[in-house]
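**Student:** Structure of the sequence below:
(chains A and B)
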Amino acid sequence: MTAVPDQGTPTWAKAPSPKPRDLAPTHPTNGLFIGGEFVDPADGGSFTTVEPATGERLAEVALATTPDVDRAVKAARRAFRRWSSRPAAERGRYLFRIARIIQERSRELAVLESIDNGKPIRETRDVDLPLVAAHFFHHAGWADKLAWAGLGPNPRPLGVAGQIIPWNFPLLMLSWKIAPALACGNTVVLKPAETTPLTALAFAEICQQADLPAGVVNIVTGAGDTGRALVEHPGVDKIAFTGSTEVGKAIARAVAGTAKKLTLELGGKAANVVFDDAPVDEAVEGIVNGIFFNQGHVCCAGSRLLVQESVHDPVVARLQRRLGTLRLGDPLDKNTDIGAVNSAEQLERITELVAAGEAEGAVPWQPDCRLPERGWWHAPTIFTGVAQSHRVAREEIFGPVLSVLTFRTPDEAVAKANNTTYGLSAGVWTEKGSRILWMAERLRAGVVWANTFNRFDPASPFGGYKESGFGREGGRQGLASYLDAGAVG
Amino acid sequence: MVRRPAARPVRGGERLEVRKTYKLYVGGAFPRSESGRSYEVLDGRGRLLANAARASRKDARDAVVAARKAGPAWSGATAYNRGQVLYRVAEVLEGRADQFAAEVATAEGLTAARARRAVEATVDRWVWYAGWADKFAQVGGSANPVAGPYFNFSVPEPTGVVAVLAPQGSSLLGLCSVLAPVMVGGNSCVVVASEARPLPAVTLAEVLATSDVPGGTVNVLTGRTAELAPVLADHLDVNGLDLTGVAGDAALAADLEARAAENTKRLHRAPGAEPDWTAAPDGPHRILTWCETKTVWHPVGT
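**Tutor:** Have a look, this model is predicted:
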């Protein structure tokens, strides 16, 4: 008989088990993907993408300027006529093919994403990549069923979609944009974020492997100026943007008075509301998943914990104990819970807001956690004693920082949860069914997670209320973002 | 130029008519403009019909406050109840059809027969939208088959406070065609009536006030569209902006859209020209324009 191992005193010692990096070879240089092939940028410019976990250079990537964007939009326009008039089932076939190739190459893509973004391999492998494949698979099936989507009797594609995505879920955001656009018969020009362009370029290769007709998907890499050129290009019929509220508003101003359709998925400051009857262990897991998933680089992160006053102390104590078990470090190690912050710039923003929280009188707490010497890292942080007026309770931090506030009554919880200009998501933790539905009705947010948090699915519409943007991604409702359903007047 | 016919003395035995004062409709009451301003409203042939209140920036802001305050009562009413209230609007409007026909005829310069048809179409439109009240959520919502042990559903909910620039041409049918869908979804609103033809809108407010529409759900402003629209487009407690009333004025529409970006207002863009309001509405499209999709997840387990 073997001895039962002593589980009383966890040591949390472990052997490192990193994924081999060579699963995902990075090309030293990467061109733009226009008209079905990789091309050099017009003025030969480039920028460097670095590995957040080490700060080391990963690859040189072409910098697209206005002439390149123009070339990409023209390629998309040329491809649009044939793509939109093809039998819809054929469009679906291509998307099914793409879904399968993503599944085949998922380990390589997961490693590449972890290297370029800094997020743990456990997340890219178990969350990002399965969802990316699912998004293409789900929308593939829609392509020849749009007339039955209930959006109107004769849904038509919009034309060329300009799509701009952020760095927090690079390939997943690409799939949320490209899969519905293509299923609905549009062609796209997509700009990935400047700090995470590599998986988008790998996706371009996948389009080639799938024999997707040239020009249906075009990818232009670059920073804000490239995005601006895309937004302002007169040949674009639709802009879909995911990113900061500030840039989203600038885009809305830029398309004012044009015929361009617009959907925006912007920032958030979600409340995660924990009632005194909530199952505490599950709630604590949900809180941790809500704010420390992906280093808190999540627009729908549960960054404000609203906990009922009577259970504040035990919930915070258990939360602190749980945080002590989180492992921060090498993103390619499958035991890692918290990876690297995506960029020096983002780390600076997190650090600045944490300092502001301290200066305004909130009380910070961090687990004993050694940060690696190279790269960009931020220890998981909890602020208690937070007032609604504090910056850490109002501004999107986009980092592993949780602000804890309290409430006494359900009405107060609703008032505090809704006291924000954002409205992307919210969480509720209680065992009482009627209270869940009561809360879900009153929370002004596009997604409400009850007794769970940060769940995503291609069949589930996602998007914001208020200044978190408008339009939905996913599900039947998400198709409306890429179709003209015959609206008049 | 206002044509001012010579004053006609009342003959012996003839009754001196009691004229109506056309005021604003804010928070369920009929105030004058706080500014004390008014402007002359003329009929199709340029003759004076009445002095309408010329709403100010403060009136617009007061109207937004009233609309926000009314939000919980109207959005919290059951869909069945909202449907009945909108049907009641149709009933009361039908009962005052003669008055509306006369007002529409003078406002728009229509023949009595055409004005009558416009009023009938208006009543029918309220009935049509009343019927949507407890159905659009089924059409616009869904139960979502997610890949996991979760119950997941999506429902349309009201956007909040919507500012509506009513059509300039069709003073009653056009107005109700843009107003009813905002109300069906549970939104409250601030309506800027047709600038040159505002009187039917004020009379409609009397209908709303007597149809169990909670005060503040609909607020009607009369005045200069170009003066009031930017105030509402800038207002950070307005969630949506219907630009139908600036159809054909691309420059003003573009300016208002840019202002609306400051708090990502939902927009119904200005059409190139005023639509033909006698045409059948485009399904529940306008209702869902003023709705947000909320998606709720809950685990399934024992």
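**Student:** and the residue nearest to residue A:296 when sequence neighbours are not counted, what does it touch?
**Tutor:** Of all residues not flanking residue A:296 in the chain, residue A:400 sits nearest, at 4.2 Å (C-beta to C-beta, 6 or more residues apart in numbering or on different chains). Bear in mind the C-beta positions are built from the backbone N, C-alpha and C, glycine included. Applying C-beta atoms under 8 Å, 6 or more residues apart in numbering or on different chains to residue A:400 gives the contacts A:291, A:292, A:295, A:296, A:338, A:350, A:378, A:379, A:380, A:381.
**Student:** If we use 10 Å, what do you get?
**Tutor:** Applying C-beta atoms under 10 Å, 6 or more residues apart in numbering or on different chains to residue A:400 gives the contacts A:291-297, A:301, A:303, A:323, A:326, A:328, A:338, A:341, A:350, A:354, A:366, A:377-382.
**Student:** same deal with residue A:184?
**Tutor:** A:84, A:88, A:91, A:139, A:142-143, A:146, A:149, A:151, A:155-158, A:161, A:478-484.
**Student:** try 7 Å
**Tutor:** By C-beta atoms under 7 Å, 6 or more residues apart in numbering or on different chains, residue A:184 lies in contact with A:146, A:157, A:479, A:482, A:483.
**Student:** How about the second one: which residues does it bridge to?
**Tutor:** By that I understand residue A:157. Note on residue A:157: beta-bridge partners residue A:483, judged by DSSP bridges.
**Student:** can you list the residues of chain A near chain B?
**Tutor:** A:134, A:150, A:152, A:248-249, A:252-253, A:256-257, A:264, A:436, A:440, A:446-452, A:455, A:457, A:459-463, A:465, A:467, A:469-470, A:472, A:475-477, A:486-489 (C-beta under 7 Å from any C-beta of the partner chain).
**Student:** Would you report which members of those residues are assigned to strands?
**Tutor:** When DSSP state E defines the strands, the subset of the residues of chain A next to chain B inside them is A:264, A:447, A:448, A:449, A:450, A:469, A:470.
**Student:** Find the pair from those residues with maximum spatial separation.
**Tutor:** A:264 and A:450 (25.7 Å; C-beta to C-beta).
**Student:** From residue B:251, how far out is whatever residue of chain A ends up closest to chain B?
**Tutor:** Closest residue of chain A to chain B, C-beta to the nearest C-beta: residue A:257 (2.5 Å). Computed as C-beta to C-beta, to the nearest Å, the residue A:257 to residue B:251 distance reads 8 Å.
**Student:** neighbour-wise, which of the two wins?
**Tutor:** The neighbour count for residue A:257 versus residue B:251, taken as other C-beta atoms under 10 Å in any protein chain shown, is higher for residue A:257 (18 against 9).
**Student:** Tell me the residue of chain B that sits nearest chain A?
**Tutor:** Closest point on chain B to chain A, by C-beta to the nearest C-beta, is residue B:254, at 2.5 Å.
**Student:** I'd assumed residue A:257 was in contact with that residue.
**Tutor:** Yes. Using C-beta atoms under 7 Å, residue B:254 makes contact with residue A:257 at a distance of 2.5 Å.
**Student:** Residue B:286 reaches residue B:181, doesn't it?
**Tutor:** Yes. Using C-beta under 7 Å, residue B:286 is in contact with residue B:181, at 3.7 Å.
**Student:** So for these two, which residue has more residues nearby?
**Tutor:** More crowded of residue B:286 and residue B:181, by other C-beta under 10 Å: residue B:181, with 28 against 24.
**Student:** Distance check, that one against residue B:121.
**Tutor:** Plainly put, residue B:181 is 15 Å away from residue B:121 if you go by C-beta to C-beta.
**Student:** before we move on, what about residue A:208?
**Tutor:** 56 Å.
**Student:** More neighbours: which of the two?
**Tutor:** For the pair residue A:208 and residue B:121, the greater number of neighbours falls to residue B:121 (17 against 14), based on other C-beta under 10 Å.
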